[in-house]
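Asks: coordinates only, no sequence provided:
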């Protein structure tokens, strides 16, 4: 069993920056992918970023590429999502998730890759 706890959300203005954290505890996989997803009000949950357990590979959709950066601190079992130049359309509940690494980062956007999810943290960007 793995527990994931997100933090760092809040209310910011457009153009501001924010850093989310996801702390993992429990029995993690030997090799894994950690991802961030978000779900806006009335919208489907969408992929935001992913990183392999080694930190060597990352993945982003075009909507956040260049503005969001995912990183990890293995010593702290924590993954981060640094967000800059935030836009009102970034408003959503942000979730982190962890799943077994299956040899490629290409599958990272697929939610069924992930076995455990956090409870989410709200990010609100005002215009």
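Replies: Here it is on my side, so go on. Predicted model only: the values in this text are computed from it and were never measured.

Asks: check which helix or strand the residue positioned nearest the centre of the chain maps to.
Replies: Centroid check for the chain by CA atoms, centre = their mean gives residue 36 as the closest residue, at 1.9 Å. Using DSSP states H and E, residue 36 sits within strand 32-39.

Asks: how far away from the center of its chain is whichever helix or strand comes after that strand?
Replies: Scanning forward in sequence from strand 32-39 by DSSP H and E, the next helix or strand is strand 46-52. Strand 46-52 has its C-alpha centroid displaced from the chain centroid by 6 Å (CA atoms, centre = their mean, to the nearest Å).

Asks: likewise stretch 77-85?
Replies: The mean C-alpha position of stretch 77-85 is separated from the chain mean by 7 Å, CA atoms, centre = their mean.

Asks: residues in contact with it?
Replies: 15, 17-25, 28, 34, 36, 48-49, 51, 64, 67-73, 90, 94, 96, 123 (CB atoms under 8 Å, 6 or more residues apart in numbering). To be clear about C-beta, it is placed using only N, CA and C from the backbone, and glycine gets the same treatment.

Asks: for stretch 76-96, give the mean pLDDT please.
Replies: For stretch 76-96, mean pLDDT is 97.

Asks: next, the distance between the ends of that stretch.
Replies: This stretch, stretch 76-96, spans 15 Å end to end (CA to CA, to the nearest Å).

Asks: for it, buried residues please.
Replies: Buried residues in stretch 76-96, counted by 16 or more other CB atoms under 10 Å: 77-81, 83, 86, 90-96.

Asks: equivalent analysis for stretch 55-73, please.
Replies: For stretch 55-73, using 16+ other CB under 10 Å, the buried residues are 58, 59, 60, 64, 68, 69, 70, 72.
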